[in-house]
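S.K.: structure of the sequence below:
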Amino acid sequence: MNSKDTDFIIKLVAFGLLVSLGLVIEIIEPGFYGQMLKLATSKDALIAYLQGFGSWAMVVSFCLDVLINAVGFLPSIFISTANGLVFGLPWGITISWMAETVGVVISFVLMRFFFRSAAENLIEKSNALQHLDKASSKEGFWWMLFARALPYFPSGLLTAIGAISRISFKDYVIANLIGKFPATALEVVIGHDLVNLQEHYKRLAIWVCLGIAIFLAVKYWNRKKE
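M.R.: A predicted model of the protein is given here:
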């Protein structure tokens with residue numbers, strides 16, 4: 001058996017284990033995924049759900065936020081807003097920041113494990129893709145850091161791009177840990193202040209301007225690199 005066949009079998013077994021785990025969760029807790037989808041797309045339902053756990057609410061929120069970001073395609077804005085409203089801004093930002101970082105790292109590991117080898121086969125057939133692939137190993141850290149600093153940027157898409165690139169695991173983790181902080185802080189504060197608009201409209205305007213400034217700075221940096 002050659003290395004490609006071995007790699008395929010390992011990935012097939014790993015995929016089967018993930019599917020089996022998903023089925024076991026649904027068997028143990030019927031309706032689990034429907035509930036998670038509802039919570040991920042409804043701020044009010046999520047707030048009520050978290051408050052029902054009392055002193056364990058932070059732990060539950062952290063785990064949910066990790067799950068949402070690990071999945072990649074579910075929006076995390078609702079749980080970021082809920083964290084700010086339920087726990088206050090300092091704790092809400094901290095929980096969201098750490099949970100989102102852990103979630104996108106898990107997603108990165110899974111995506112790289114399953115899809116990097118397939119991407120390499122495509123890259124080998126294109127000189128342009130080979131150039132971009134090599135560049136990602138040198139400049140991937142800065143590119144990922146600035147991209148993660150953008151609030152409301154599609155997280156799953158950015159994770160997928162990172163996973164099929166040559167950015168190292170260490171650079172990916174550090175870039176996300178640093179870049180996620182301003183983006184998450186903006187999302188939590190903006191969501192919190194939108195709900196309490198009459199009380200915090202001045203601060204909201206400042207944070208929105210800051211978000212625009214970050215976006216323009218990243219856009220300028222990308223143009224300068226070209």
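S.K.: can you map out the strands along this protein?
M.R.: Counting by DSSP state E, the chain has no strands at all.
S.K.: quick one, longest helix in it?
M.R.: Longest helix in the chain by number of residues, with DSSP state H as the criterion: helix 89-123.
S.K.: what helices and strands are in contact with that helix?
M.R.: helix 3-28, helix 57-71, helix 77-87, helix 127-148, helix 155-164, helix 169-195 (3 or more C-beta pairs under 8 Å, 6 or more residues apart in numbering; DSSP states H and E). Bear in mind the C-beta positions are built from the backbone N, C-alpha and C, glycine included.
S.K.: and the angle for that helix with helix 169-195?
M.R.: Here the directions of helix 89-123 and helix 169-195 differ by 130 degrees (axes from the mean of the first three to the mean of the last three C-alpha atoms, to 10 degrees).
S.K.: show me what counts as buried in helix 89-123.
M.R.: 92-108, 110-112, 119, 123 (16 or more other C-beta atoms under 10 Å).
S.K.: stretch 137-157 now?
M.R.: For stretch 137-157, the neighbour count (16+ other C-beta under 10 Å) marks 140-141, 143-151, 155-156 as buried.
S.K.: select, out of the helices and strands packed on helix 89-123, the one closest to residue 45.
M.R.: Residue 45 lies closest to helix 77-87 among the helices and strands packed on helix 89-123, at 8.8 Å (C-beta to C-beta).
S.K.: surely residue 91 meets residue 58?
M.R.: Yes. Using C-beta atoms under 8 Å, residue 91 is in contact with residue 58, at 7.1 Å.
S.K.: and the longest helix of the chain, what's its mean pLDDT?
M.R.: Average pLDDT, helix 89-123: 84.
S.K.: ok, now stretch 17-37?
M.R.: For stretch 17-37, mean pLDDT is 74.
S.K.: over to stretch 192-206?
M.R.: 64.
S.K.: hmm, back to that, okay, the helices and strands packed on helix 89-123 in TSV with distance to residue 213 next?
M.R.: TSV is the format used below for the helices and strands packed on helix 89-123 (distance: least, C-beta to C-beta, whole Å):
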stretch	distance to residue 213
helix 3-28	41
helix 57-71	25
helix 77-87	20
helix 127-148	13
helix 155-164	20
helix 169-195	11
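S.K.: please identify the deepest-packed of those helices.
M.R.: helix 77-87 (a mean of 25; mean count of other C-beta atoms under 10 Å).
S.K.: in terms of secondary structure, what does it contact?
M.R.: Partner elements for helix 77-87 (3+ C-beta pairs under 8 Å, 6+ apart): helix 32-40, helix 43-51, helix 57-71, helix 89-123, helix 169-195.
S.K.: run the last query once more with 7 Å
M.R.: Secondary-structure packing of helix 77-87 (3 or more C-beta pairs under 7 Å, 6 or more residues apart in numbering; DSSP states H and E): helix 43-51, helix 57-71, helix 89-123, helix 169-195.
S.K.: let me have the ones you listed in CSV, adding distance to residue 16 as columns.
M.R.: Below are the helices and strands packed on helix 77-87 laid out as CSV (distance: least, C-beta to C-beta, whole Å):
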stretch, distance to residue 16
helix 43-51, 31
helix 57-71, 19
helix 89-123, 12
helix 169-195, 25
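S.K.: ok, which of the ones you listed comes nearest residue 27?
M.R.: helix 57-71 (17.9 Å).
S.K.: nice, that's everything, thank you.
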